[in-house]
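*Asks:* Give me a 3D structure for the following:
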Amino acid sequence: MKFSFLMSEVFSGLRRNISLIVSVVLVTFVSLMFVGAAALLQMQIGGMKDYWYDKVQVAVFLCPADSEAPTCSEGEASDEQKAQIEAALNSPDLADYVEEVHFEDRATAHRLFQEQFEGTSLEGTVPEDQMQESYRVGLVDAEQYGIIKEYFSATPGVEEVVDQNRLLDQLFRVLNIATAVAVGIAVIMLVCAVVLIATTIRLSAFTRRRETGIMRLVGASNLFIQLPFVLEGVLAAALGGLLSGIVLGAGVHFGVTGWLQPRMAGVSLVGLGDVALVTPGLILVGIVMAGVSSALTLRRYMKV
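*Replies:* Modelled structure (predicted):
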């Protein structure tokens with residue numbers, strides 16, 4: 001089989017079915033773009049988990065003057081209660097669970113609040129004297145939060161114990177739902193792409209049935225006859241995969257790196273390097289999908 005003859009047959013088929021080939025490219029492009037988006041989103045979720053779960057703390061909030069919590073019946077946490085709480089956090093009983101402890105007074109809490117909401121409508125809405133003092137506890141194992149909560153649940157001077165992991169879990173739950181939606185749409189689009197590829201190859205084979213009949217009469221093998229049709233689908237799907245990688249790269253470059261990253265300077269977001277890792281996989285998925293679909297379609301056609 002001469003390579004030049006094979007490629008001439010492939011490009012001849014592409015020219016004859018240009019509209020269908022463009023449809024295959026577009027459907028493959030859209031479906032693989034959703035696959036790539038889901039992959040990038042999962043990479044981002046993994047990176048954010050590694051970053052945030054190492055930084056989250058348990059906050060032991062002390063009683064303010066107007067609290068109605070049973071442990072705050074004596075009013076605002078006294079210096080004696082603070083000393084007892086700090087001693088408990090540094091006691092041998094919690095040594096295996098607590099990695100570090102630091103006290104956050106009203107001034108510090110107010111400064112952090114202002115920094116966090118700088119430039120938003122919340123900036124300056126809470127005066128310093130209304131901020132709540134707390135002990136910030138870093139845990140050896142973030143999943144051991146329940147031990148700290150139970151230990152201080154009835155301690156005088158402690159209004160509430162809050163685990164920041166719960167807030168992150170809600171965020172990651174939403175992101176995982178978004179990933180599942182992207183995967184679901186991708187699966188539907190991939191099925192559409194497979195059906196369209198099969199239809200395109202079938203029509204391409206039908207329009208060239210005279211040529212293939214002559215080739216069969218002169219003793220050409222099934223592989224020799226089928227390969228140009230398979231390559232048509234593979235090239236179209238590979239082009240769709242490449243386009244999906246290019247569009248994802250543009251989206252990440254302008255949307256994530258260019259716009260979102262400066263606004264989330266402390267968080268490492270996905271970049272073009274991650275897109276470069278995902279794109280070959282998208283092209284490979286397109287090639288396999290088109291190759292299998294074309295081969296199965298032509299097996300039935302060759303039996304006619």
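
*Asks:* which parts of stretch 102-117 are buried?
*Replies:* By neighbour count on 16 or more other CB atoms under 10 Å, the buried set for stretch 102-117 is 104, 106, 108-110, 113. C-betas here are computed from N, CA, C, even on glycine.

*Asks:* Can I get it in CSV, CA atoms only?
*Replies:* What follows is stretch 102-117, C-alpha atoms only, in CSV (Å, rounded to 0.1, in the frame of the first residue of the first chain):
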residue,chain,number,x,y,z
HIS,A,102,-2.6,31.7,68.6
PHE,A,103,-5.0,34.3,70.1
GLU,A,104,-6.8,36.7,67.8
ASP,A,105,-7.9,39.9,69.5
ARG,A,106,-10.5,42.4,68.3
ALA,A,107,-7.9,44.6,66.6
THR,A,108,-6.4,41.7,64.6
ALA,A,109,-9.8,40.3,63.7
HIS,A,110,-10.9,43.8,62.5
ARG,A,111,-7.8,44.2,60.4
LEU,A,112,-8.2,40.8,58.8
PHE,A,113,-11.9,41.6,58.1
GLN,A,114,-11.0,44.8,56.4
GLU,A,115,-8.3,43.2,54.3
GLN,A,116,-10.6,40.3,53.3
PHE,A,117,-13.5,42.6,52.2
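
*Asks:* average pLDDT across that stretch?
*Replies:* What stretch 102-117 shows for mean pLDDT is 86.

*Asks:* Repeat that for stretch 281-291.
*Replies:* In the prediction, stretch 281-291 has an average pLDDT of 92.

*Asks:* Identify the residues contacting that stretch?
*Replies:* 24, 28, 32, 35-36, 39, 190, 193-194, 197, 230, 233-234, 236-238, 240-242, 244-245 (CB atoms under 8 Å, 6 or more residues apart in numbering).

*Asks:* same question, stretch 245-262
*Replies:* Residues contacting stretch 245-262 (CB under 8 Å, 6+ apart): 29, 33, 36-37, 40, 269-272, 274-276, 278-279, 282-283.

*Asks:* 7 Å - rerun?
*Replies:* 33, 36-37, 40, 269-272, 275, 279, 282 (CB atoms under 7 Å, 6 or more residues apart in numbering).

*Asks:* Filter the contacts of stretch 281-291 down to just the ones in strands.
*Replies:* Applying DSSP state E to these, no entry is found in strands.

*Asks:* Can you flag which of the residues you listed belong to helices?
*Replies:* 24, 28, 32, 35-36, 39, 190, 193-194, 197, 230, 233-234, 236-238, 240-242, 244-245 (DSSP state H).
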